[in-house]
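Visitor: sequence and computational prediction follow.
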Amino acid sequence: MWKKLLPVSAFILLLVLWEITSFGLSNQRLVLPPPSAIFLRLFQTPGRFLFHTFVTFREMLGGFLIAFVCAFPFAWLMDQWKSARTVLQPLFILIQCIPMFALAPIMVIWFGWGYTAIVIPTALMIFFPLTMNIYQGFQAIPDQLKEYFRIYQATGWQKLWKLQLPWAKSHIFAGIRISAAIAGIAAVAGEWAGAQSGLGLLMIESRRATDLETTFGALFCLAVLSLSLYGLITLMEKKVFNRQVYAKLFSAFVICLTILGSGCQTASESKPKTRLMLDWLPNPNHIPLYVGMNKGIFEKRGINLDLMKLNDPSDSLPYLSSGQADLALYYMPDTIRAQSRGVNVQVAGIIFKQPLNCFIYRRDSSIKSLQDLNGKAIGYCVDGNSTVVLDYLLESNHITPKEKRNVSFDLVSTLGTKQVDAIYGAYHNVECDHLCSLGVETDYFDLRMFGHPNYYELIVLAAGDSKSINPEMISSFKLALQESIDFSLAHPQEAFEIYVKANPDKSLQTLEWEKKGWEKTYLILARNQDVDPAVWNYYKEWAAKVMKPEE
């Protein structure tokens, strides 16, 4: 009896040690919350976790169905013909070596947003271990049995149904168990690139908001889901004693998967949507867009707007140019660089007419002026071109940092845990209040203090060669956007409440600091949609001078 209780006791002991460690090391709560807080979050919003879990569950099953249907014929071909094995095995290994994180955005460009773009990478990740296990099961059949069936001139179907499948049953289920264990990872990889819901998106959205209780809650749901599928398959294997039971279970399994897969497709809209790609996951900078949708402002102008979440800003232009988005929220400096490379885009709207990007530092540090950045560690999350701008700003102000560290999108946690002294690439109206909610008091240096010219921070872009976007539509969009901004300026509290209702996955803690950020944000929204040629051209000339050393 005690042997059965040993794993449970070890798990409970691990949770207790985790809980004590989390409270004993306060800084670690920025990266690892205590188990009690995780389970509390699960019980606070069970409906949202169940919703995202079911979305991921359907993607896992759909991917498994595709992989399962393809695995059998390929395994059979490799078993029957050596030449097929010689060609197919290297191809399967190559597919398995491709990171799904890299493949998933390509799937979005090929198949659009939705179920298919996530299911196919999931199926590809499952396909190799499933196929190879089935193939090994076919190969394990003794030669004497193969010869016996050959002597009695068994048909190919008889050989498959009466010899290969029964003999390979253990290998087949081994492949299915492995697939169940990795299907969740594959589905999450797809969700990170092309989903608007699911456990993967919930993880990354809450992680960016440092709502780690939700992040680990979603991870817990994924683990329970994978373990449950693994256990169900193990139980199913024990109950499969003969071909009749096997056939019935297999048929029921395929029917169930087919129903679930077909149920994932959304109904077509009577009126085509105008898809606007956000530059980031939803935050206070996007509130006017939610206001315009909620109040019917865009619809009044003939625009059926649909907002698409994005967790990697670098994907905006590829999605826009491939037609997977009609509009994209982007940045003026990056837009000018893209246009200089021949990318055909045009400005369809403006949300801010001043920089939000800045240098944020801790108030408890010794940094009081620009020169105090000398000898300090600076974290950044910008690309190579923007790194050139960072270097130029530092050098032109005679600042030599101790180190510059690319921290990707972990700006908040790295500054909060004192891994860096300042961060570049964050927004003063978002990250400052975010850090304050974590107990880190901050201040910031405006880029213009470094001699950086003024520019428009968030602009809406349209592909210049888009068939769905015309000058009349852009004019209507600008009018609707400015009306949405004006409503937000006149009714900031109502605007924020609209945003809250549109994003039910955000925790109370996140909404608390986002509200403070909104109180600063709405005051600096654009007062009109006019693009000042002087601002645009001056920045273009300045950027050309800065980038010249790189050439």
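Guide: Done, it's in.
Visitor: poorly predicted segments of the stretch 451-551 of the chain, please.
Guide: Low-confidence segments of the stretch 451-551 of the chain, defined by pLDDT under 70, are located at 467-468, 548-551.
Visitor: can you give me the helices in it?
Guide: The residue ranges that make up the helices of the stretch 451-551 of the chain, judged by DSSP state H, counting those that start in this stretch, are 471-490, 492-502, 508-521, 533-547.
Visitor: packing partners for the lengthiest helix in the chain?
Guide: Looking across the chain with DSSP state H, the single longest helix is helix 46-80. Contacts of helix 46-80 with other secondary structure elements, assessed using 3 or more CB pairs under 8 Å, 6 or more residues apart in numbering; DSSP states H and E, are made with helix 82-97, helix 115-139, helix 169-194, helix 199-208, helix 212-239, helix 243-262. Yep, even glycine has a C-beta here, placed from its N, CA and C like the rest.
Visitor: wait, which of the ones you listed is closest to T274?
Guide: helix 169-194 (18.6 Å; CB to CB).
Visitor: buried residues in the closest one?
Guide: By 16 or more other CB atoms under 10 Å, the buried positions in helix 169-194 come out as 169, 171-194.
Visitor: same check on stretch 396-414?
Guide: With the criterion 16+ other CB under 10 Å, stretch 396-414 contains buried residues I399, P401, V407, D410, L411, V412, S413, T414.
Visitor: now swap in stretch 298-310 and tell me
Guide: Residues F298, R301, I303, L305, D306, L307, M308, K309, L310 are the ones in stretch 298-310 that count as buried (16+ other CB under 10 Å).
Visitor: closest one to Q324 out of these, please.
Guide: Using CB to CB as the measure, the one of those that approaches Q324 most closely is M308, at 8.6 Å.
Visitor: let me know the angle separating the longest helix of the chain from helix 82-97.
Guide: Angle, helix 46-80 to helix 82-97, by axes from the mean of the first three to the mean of the last three CA atoms, to 10 degrees: 150 degrees.
Visitor: got the angle for helix 46-80 vs helix 199-208?
Guide: Angular relation of helix 46-80 and helix 199-208 on a 0 to 180 degree scale: 130 degrees, by the same axes, to 10 degrees.
Visitor: I'd like the distance from helix 46-80 to the chain centre, please.
Guide: Per CA atoms, centre = their mean, to the nearest Å, the displacement of helix 46-80 from the mean C-alpha position of its chain is 20 Å.
Visitor: okay, angle between it and helix 115-139 too, please.
Guide: 40 degrees.
Visitor: can I get stretch 72-80 in CSV, CA atoms only?
Guide: Output for stretch 72-80, consisting of C-alpha atoms alone and laid out as CSV, is shown next (Å, rounded to 0.1, in the frame of the first residue of the first chain):
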residue,chain,number,x,y,z
PHE,A,72,-0.8,3.7,-41.5
PRO,A,73,-0.4,3.8,-45.3
PHE,A,74,3.1,5.2,-45.1
ALA,A,75,4.1,2.6,-42.5
TRP,A,76,2.6,-0.1,-44.7
LEU,A,77,4.5,1.2,-47.8
MET,A,78,7.8,1.2,-45.9
ASP,A,79,7.2,-2.4,-44.7
GLN,A,80,6.3,-3.6,-48.2
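Visitor: buried ones in that stretch?
Guide: Under the neighbour-count criterion of 16+ other CB under 10 Å, stretch 72-80 has F72, F74, A75, W76, M78, D79 buried.
Visitor: reformat those as TSV; add distance to K238 and pLDDT.
Guide: Written out in TSV, the entries for these read as follows (distance: CB to CB, whole Å; pLDDT from 0 to 100):
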residue	distance to K238	pLDDT
F72	22	84
F74	27	88
A75	23	86
W76	26	83
M78	28	86
D79	26	81
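Visitor: how long is stretch 456-474 end to end?
Guide: Using CA to CA, to the nearest Å, the span of stretch 456-474 from its first residue to its last is 18 Å.
Visitor: tell me the gap between that stretch and the middle of its chain.
Guide: How far stretch 456-474 lies from its chain's middle: 25 Å, per CA atoms, centre = their mean.
Visitor: any chance you could list what contacts that stretch?
Guide: Around stretch 456-474, the neighbours that count as contacts under CB atoms under 8 Å, 6 or more residues apart in numbering are 272, 274, 276, 279, 285, 302-303, 316-317, 320-321, 323, 326-332, 335, 344-357, 427, 477, 481, 526, 531, 535.
Visitor: buried ones from those, can you make that a PyMOL selection?
Guide: Those of the contacts of stretch 456-474 that count as buried under 16+ other CB under 10 Å are selected in PyMOL with:
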select buried, resi 274+276+279+285+303+316+317+320+321+326+327+328+329+330+331+332+335+345+346+347+348+349+350+351+352+353+355+356+357+427+477+481+526+531+535
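Visitor: go through the contacts of stretch 456-474 and flag which are in helices.
Guide: For the contacts of stretch 456-474, secondary structure assignment (DSSP H) places S316, L317, L320, S321, M332, T335, F477, L481, V535 in helices.
Visitor: where does the second one land on pLDDT?
Guide: Right, the one you point to is L317. Model confidence at L317, given as pLDDT, is 85.
Visitor: in the buried residues of stretch 396-414, find the pair that's most separated.
Guide: Pairwise distances across these (CB to CB) peak at 24.1 Å, for the pair I399 and S413.
Visitor: low-scoring stretches of the stretch 251-400 of the chain, by residue?
Guide: In the prediction, the stretch 251-400 of the chain carries residues with pLDDT under 70 at positions 251-271, 382-385.
Visitor: repeat that with 90
Guide: Scanning the stretch 251-400 of the chain for pLDDT under 90 picks out 251-274, 279-281, 309-326, 334, 337-345, 363-366, 380-389.
Visitor: how about the strands of it, start to end?
Guide: Listed in chain order, the strands of the stretch 251-400 of the chain (DSSP state E, counting those that start in this stretch) span 274-277, 305-308, 327-331, 345-350, 357-362, 377-380.
Visitor: for L511, find the nearest of these.
Guide: For the strands of the stretch 251-400 of the chain, distance to L511 was read as CB to CB. The smallest value, 17.9 Å, belongs to strand 305-308.
Visitor: direction included, what does the closest one pair against?
Guide: Within its sheet, and counting by DSSP bridges, strand 305-308 is paired with strand 274-277 (parallel).
Visitor: ok now the strand it pairs with, how far from the chain's centre?
Guide: For strand 274-277, the distance between its averaged C-alpha position and the chain's averaged C-alpha position is 17 Å (CA atoms, centre = their mean).
Visitor: just stretch 151-163 next, same as before
Guide: Here the centre of mass of C-alpha atoms in stretch 151-163, compared against the chain's by CA atoms, centre = their mean, lies 48 Å away.
Visitor: likewise for stretch 520-538?
Guide: A distance of 30 Å separates the C-alpha centroid of stretch 520-538 from that of its chain, computed with CA atoms, centre = their mean.
Visitor: with stretch 367-379 instead?
Guide: Stretch 367-379 sits 33 Å away from the centroid of its parent chain (CA atoms, centre = their mean).
Visitor: tell me the one of the buried residues of stretch 72-80 nearest N133?
Guide: Proximity of the buried residues of stretch 72-80 to N133 was ranked by CB to CB; the top entry is A75 with 8.3 Å.
Visitor: pretty sure the closest one is touching P129, no?
Guide: No - taking contact to mean CB atoms under 8 Å, the distance of 11.5 Å between A75 and P129 leaves them out of contact.
Visitor: pull the contacting residues for the closest residue to Q339 other than its chain neighbours.
Guide: Beyond its immediate neighbours in the sequence, the residue positioned closest to Q339 (CB to CB, 6 or more residues apart in numbering) is V345, lying 6.7 Å away. The contact partners of V345, by CB under 8 Å, 6+ apart, come to L317, L320, T335, A338, Q339, L461, A462, A463, G464.
Visitor: try N397
Guide: L370, Q371, F450, G451.
Visitor: return the member of the residues you listed nearest to V389.
Guide: If you rank the contacts of N397 by distance to V389 using CB to CB, F450 comes first, at 9.8 Å.
Visitor: distance of I106 relative to Y330?
Guide: Between I106 and Y330 the distance is 21 Å, computed by CB to CB, to the nearest Å.
Visitor: same thing with E403?
Guide: Distance of E403 to Y330, computed by CB to CB: 30 Å.
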